[in-house]
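**Student:** okay, predicted coordinates and the sequence, questions at the end:
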Amino acid sequence: MENSNQKKEVRDNRDGIRENRDNRERDNRKKRFISNKPSPLGWHRDIRKSVEVNDKIQKDRLNPHYKLNLNTTSKIKITPLGGLNEIGGNITVFETEKNAIIVDCGMSFPTEDMHGVDILIPDFTYLREIRDKIVALVITHAHEDHIGAVPYLFKEMQFPIYATAISLGMIGNKFDEQGMRHHRNYFRAVEKRRVINIAEFDVEWMHITHSILDASALAISTEAGTIIHTGDFKIDHTPIDGFPTDIHRLAHYGEKGVMLLLSDSTNSHNPGFTKSESTVGPTFDRIFSEAKGRVLMSTFSSNVHRVYQAIQHGIKYNRKVAVIGRSMDKNLTIAMELGYIYLPKGIFIDAYEVHKYSDNEVLIITTGSQGEAMSALYKMATDEHRHIKIKPTDTVIISAKAIPGNEKSVSSVINFLLKAGARVAYQDFSEIHVSGHAAQEEQKLMFRLTKPKFFLPVHGEYNHLVKHSDTAIKCGIPERNILIMNDGDIIEVNPRYVKKVKNIKTGKLFIDNQINQQIENNVVIDRRKLANDGVVSIIAQVSQSQLQLIDKPKVITYGLVADRNIKQFSSEIEEILFNFIKNVKPELFQNTRALENELRQVVRKHIFRKMKKYPTIVPTIFVM
């Protein structure tokens, strides 16, 4: 591996030398052209010379890589432990020889065959291996796919958490819920545009717009060079809070020379620009103006600006506001307490007070936009909520897009709402929801602002990363300077090269959110097997002396044989048992467990031959 890496580094250096030589030859040809060719229009040589000078200025401003220290031997290792080839679960390690920081620590959602699993968190094995090097956890923003796994990490290891106030507030809520309030002493609130020294890393938080308050891109400066990590972003010039993306600060680092860019790939297939969050307002206004009864609005609990817009329209149309859903209520309370938004307290009512007001005087803000079975909206839709029952006069706004994998859940809750007679506004309006992620033109702007030498696309499935790479190439980044990573890849970067040096084992841990505990892999595998193939239980008494069954075996099946066929199936198992006991080795009667294992194999083969299934077989034999 070392020899191959050395060879690749030599090739990288040769490529750089060849590129510089080609540029020099092209410039020399241009000089000879300007110096020697007579001008038919009589242009002065100095005027023609200015074309050459301006050409060099243009090249230098577009590719300020000459400002990087090509003589440094310092290097950075970058290891994504989640967030690649998936949507969610973002966590990346940045590592020098002595120190390491973790950027984000998020959760993701289970697939349908992960029965009883509520969330997935990254495998922390590699973090345990480098535990003594880790000096901080750095947070870009407070979405669940970036902070959802923080409490589970802090149950094992602790270090300072650097983040904006709203992110620390939302992490603090998670710590409180899991009895970890004492870990709040690791919180370190950051200020935008202020460089914070963390061991061998100088980190600056730069404001960007996204579908959550106070999101940030990061400038991570080291001896090797500067790395820009965009986090999740879009370029919104008219955000609700009036704070657009800090393109000036991004450009500042671009002028200084950026060694590497890691950038959000989620919407890399979308042409053009992502619409502004402010475009949702007119859609809300139209829906509120037409609503005759109650209005119920559901979105992500972390999208405070969306909630804020809905509440402002509730106030405009003289409605009281009931915020229902623990996470929604806590996030809104944090945003108000920290001064991110202002809303008069007199407009709020509790869920049990809703019936005291006329339907056209009520706005209900609730969780459940992803169809979660335990959410407030789902309980309302299925008539299980304690205080709120859906009425035919209700208007329900689902102001969110289904996360991949949640489409069926969202469809299910919409069906329940429609059956209850409510009017549901979901995809009827193009601007009932807008994305928080950059489309292609915004991604191009990020490349032009930061002008990186190397590029690593992050945050998305493989097809998103590839498409983002294509956009990077169009913006002048050489294909050889782009790497598409997988979780577990250890990438080494220096001003002269970027390369993969190793791959480590990564994965997901399964979490039952009701008890905040991990579910072991084998339990999830067993559940999947039970769901797919069913169970067969066999209970039999055997006479060791006579080598025969004492009585008919009891055969019970779940999820394998229809009730009307159980007698026939039991007869087949009885015949198998009879032949098995008749031909079994006598010494197996001394070891009941071994006897049951042998029977399990025989029954498994029979069922697979007949049904092409591998059910869980539970034999219990009593040797008399």
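**Tutor:** Sure, I can see it.
**Student:** isn't residue 607 right up against residue 538?
**Tutor:** No - using C-beta atoms under 8 Å, residue 607 is not in contact with residue 538; the gap is 11.4 Å. C-betas here are computed from N, CA, C, even on glycine.
**Student:** identify the contacts common to these two.
**Tutor:** By the contact definition C-beta atoms under 8 Å, 6 or more residues apart in numbering, residue 607 and residue 538 are jointly contacted by residue 617.
**Student:** what is the end-to-end distance of stretch 441-461?
**Tutor:** 20 Å (C-alpha to C-alpha, to the nearest Å).
**Student:** a helix runs through residue 314, doesn't it?
**Tutor:** Yes - according to DSSP: H, G, I helix; E, B strand; the rest coil, residue 314 belongs to a helix.
**Student:** that one: what's it in contact with?
**Tutor:** Per C-beta under 8 Å, 6+ apart, neighbours of residue 314: 288, 295, 320-321, 347, 363.
**Student:** pLDDT value on it, please?
**Tutor:** We have a pLDDT of 96 for residue 314.
**Student:** distance of it from residue 322?
**Tutor:** According to C-beta to C-beta, to the nearest Å, residue 314 and residue 322 sit 10 Å apart.
**Student:** now residue 283
**Tutor:** Distance, residue 283 to residue 322, by C-beta to C-beta: 22 Å.
**Student:** what about the two, which has more around it?
**Tutor:** Using other C-beta atoms under 10 Å as the criterion, residue 283 and residue 322 rank with residue 322 on top: 24 against 21.
**Student:** okay, and that one sits in which element?
**Tutor:** Here residue 322 is covered by strand 320-324, with elements defined by DSSP states H and E.
**Student:** joint contacts of residue 314 and residue 322?
**Tutor:** In contact with both residue 314 and residue 322: residue 363, using C-beta under 8 Å, 6+ apart.
**Student:** okay, now the sheet partners of the strand holding residue 322, with direction.
**Tutor:** Strand 320-324 has the following strand partners under DSSP bridges: strand 348-349 (parallel), strand 362-366 (parallel).
**Student:** most tightly surrounded among those strands?
**Tutor:** Mean neighbours per residue, mean count of other C-beta atoms under 10 Å, is largest over those for strand 362-366, with a mean of 26.
**Student:** residue ranges with poor pLDDT in the stretch 501-624 of the chain?
**Tutor:** Along the stretch 501-624 of the chain, segments meeting pLDDT under 70 span 515.
**Student:** tell me where it has helices.
**Tutor:** 521-533, 566-583, 592-611 (DSSP state H, counting those that start in this stretch).
**Student:** which residues sit against the shortest one?
**Tutor:** By C-beta under 8 Å, 6+ apart, the list of residues contacting helix 521-533 from outside reads 113-117, 510, 558-560, 613-616.
**Student:** doesn't residue 106 belong to a strand?
**Tutor:** No - under three-state DSSP, residue 106 falls outside any strand and is assigned coil.
**Student:** mind listing what it touches?
**Tutor:** Taking C-beta under 8 Å, 6+ apart, we find residue 106 in contact with 82-83, 88-91, 122, 143-149.
**Student:** neighbours around residue 246, how many?
**Tutor:** As a burial measure, residue 246 scores 18 neighbours (other C-beta under 10 Å).
**Student:** same check on residue 260?
**Tutor:** 26.
**Student:** ok, it to residue 437 distance?
**Tutor:** Applying C-beta to C-beta, the value for residue 260 to residue 437 is 21 Å.
**Student:** then residue 60?
**Tutor:** Computed as C-beta to C-beta, the residue 60 to residue 437 distance reads 32 Å.
**Student:** and the two? which has more neighbours close in?
**Tutor:** Counted by other C-beta under 10 Å, residue 60 and residue 437 do not tie: residue 437 has more neighbours, with 22 against 12.
**Student:** correct me, but that one touches residue 234?
**Tutor:** Yes - counting by C-beta under 8 Å, residue 437 touches residue 234, with 5.8 Å between them.
**Student:** overlap in contacts of those two?
**Tutor:** Joint contacts of residue 437 and residue 234 (C-beta under 8 Å, 6+ apart) are 210, 267, 274.
**Student:** which residues touch the spatially closest residue to the first one that is not a sequence neighbour?
**Tutor:** Of all residues not flanking residue 210 in the chain, residue 436 sits nearest, at 4.5 Å (C-beta to C-beta, 6 or more residues apart in numbering). With contact set as C-beta under 8 Å, 6+ apart, residue 436 has these partners: 209-212, 232, 234, 274, 277.
**Student:** sketch out the helices for the stretch 351-500 of the chain, chain order is fine.
**Tutor:** 376-381, 407-419, 440-450, 462-474.
**Student:** also the stretch 101-250 of the chain?
**Tutor:** 125-129, 144-147, 150-154, 165-177, 247-256.
**Student:** just the ones you listed: most buried one?
**Tutor:** Buried most deeply of the helices of the stretch 101-250 of the chain, by mean count of other C-beta under 10 Å, is helix 144-147, with a mean of 25.
**Student:** packing partners for it?
**Tutor:** Packing contacts for helix 144-147, counted by 3 or more C-beta pairs under 8 Å, 6 or more residues apart in numbering; DSSP states H and E, involve helix 165-177.
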